[in-house]
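Participant: Sequence and predicted structure below; questions after.
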Amino acid sequence: MTRTRRLLIAAATATVVTLTGCGSDDGTDDNRSPRQGEAGGTEDDLLQAIDDNLAAINDGDAEAVFASRSAACREEATVEEAAEAVGLVGALYGEISFETLEVLEFDGTTARVRGTTGIEALDSDDGEEGEGARWIWEEGAWRDDSCGEDSDDEAEDADEAATAPSDLPAGEGYDWGDGISLTVDGVTEMPLDSLGEYDSVPDGHTPFQVEMTIVNDGDQPLELDEFAIVVEGATNGGTVDSLYLMDQEYLEGRLAPGESKEHREAYSIDTAAHGRDLVVEGWRYTDELGSDTPTWVVTIP
């Protein structure tokens with residue numbers, strides 16, 4: 001997965017993150033002003049827009065999340081990228097709610113808002129000193145305009161892109177350098193008659209399982225919910241759907257030092273339309289959104 005693509009997902013994920021304290025004081029407010037003639041909105045309208053946006057994230061409504069961003073931010077990403085980001089937020093954190101929400105600045109056309117979620121990874125290290133997220137009144141509504149504050153400069157992007165991990169084959173592991181490694185062992189097709197009575201597969205799709213192994217050779221227990229994978233078609237794209245099986249096990253709890261964990265996750269794809277080749281992205285959320293995201297290229301047998 002390229003550094004540019006990871007930044008797009010991180011920027012979309014920052015719909016939540018920036019509200020929890022991150023921000024910028026580099027003068028972007030002066031350069032990204034609301035359009036002339038905008039009458040402005042109320043503080044109650046602002047808070048309602050933020051509530052609606054968070055509800056859309058929790059509901060997995062990528063179109064609503066995308067529409068809630070400013071025109072400038074919508075030019076920097078697509079609905080498809082927003083959908084991937086919303087799915088990742090759900091996989092990593094589940095349903096999110098604000099414990100606190102504070103309007104730091106407000107003049108009717110621009111505002112800064114800071115909140116806390118109680119999720120350490122999302123809440124800013126800056127605490128009460130965080131600048132908050134920027135919102136602007138645009139097209140008759142309050143819209144999230146924080147995207148410009150979450151980008152790295154081009155030189156840093158190029159440096160990190162040069163060191164991003166290359167595609168790995170099935171069976172080869174990736175080590176983050178702290179003793180924690182992930183291996184995508186392969187994929188297996190699931191016979192339709194092996195599914196349970198209440199397990200469902202979209203018409204025309206082939207169900208399969210991604211098999212992986214997590215190893216903790218570090219010194220500290222590992223929180224297994226740090227991990228999430230994203231699966232995509234590798235021939236001509238194509239939607240890969242998650243399957244929710246009655247007997248599905250989830251990555252939760254801790255993995256002690258010296259231990260390993262084998263895990264399977266179920267998905268489906270229309271192989272007639274999109275082929276049997278897949279890309280599997282291994283996400284590990286630590287304290288840095290931009291940590292390396294290894295990818296594996298695998299094939300459904």
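Facilitator: Great, that's in hand. Please read all numbers here as calculations on a predicted model, not as lab measurements.
Participant: contacts, neighbours, all on C-alpha from now
Facilitator: Noted.
Participant: On the pLDDT front, check residue 150 for me.
Facilitator: Note for residue 150: predicted pLDDT of 49.
Participant: ugh, wrong one, residue 14
Facilitator: For residue 14, the predicted pLDDT is 51.
Participant: so where's the stretch 1-150 of the chain shaky on pLDDT?
Facilitator: 1-39, 121, 123-130, 148-150 (pLDDT under 70).
Participant: same question, the stretch 151-300 of the chain
Facilitator: 151-165, 287-291.
Participant: ok, which stretches of it are strands?
Facilitator: Along the stretch 151-300 of the chain, counting by DSSP state E, counting those that start in this stretch, strands occupy 167-169, 173-175, 180-189, 206-216, 222-223, 227-233, 241-242, 254-255, 260-269, 277-284, 295-299.
Participant: Show me what the last one packs onto, helices and strands only.
Facilitator: For strand 295-299, the contact count by 3 or more Cα pairs under 8 Å, 6 or more residues apart in numbering; DSSP states H and E identifies strand 167-169, strand 180-189, strand 277-284 as packing neighbours.
Participant: What of the fourth one?
Facilitator: In terms of contact count using 3+ Cα pairs under 8 Å, 6+ apart, strand 206-216 is assigned the packing partners strand 180-189, strand 260-269.
Participant: okay, the angle between it and strand 295-299?
Facilitator: 140 degrees (axes from the mean of the first three to the mean of the last three Cα atoms, to 10 degrees).
Participant: Could you quantify the relative orientation of strand 206-216 and strand 227-233 as an angle?
Facilitator: Using the same axes, to 10 degrees, strand 206-216 lies at 150 degrees relative to strand 227-233.
Participant: After the longest helix along the chain, which helix or strand is next?
Facilitator: The helix that spans the most residues within the chain, counting by DSSP state H, is helix 43-59. For helix 43-59, the succeeding helix or strand toward the C-terminus, using DSSP states H and E, is helix 62-67.
Participant: and after that next one, which helix or strand comes next?
Facilitator: helix 71-74.
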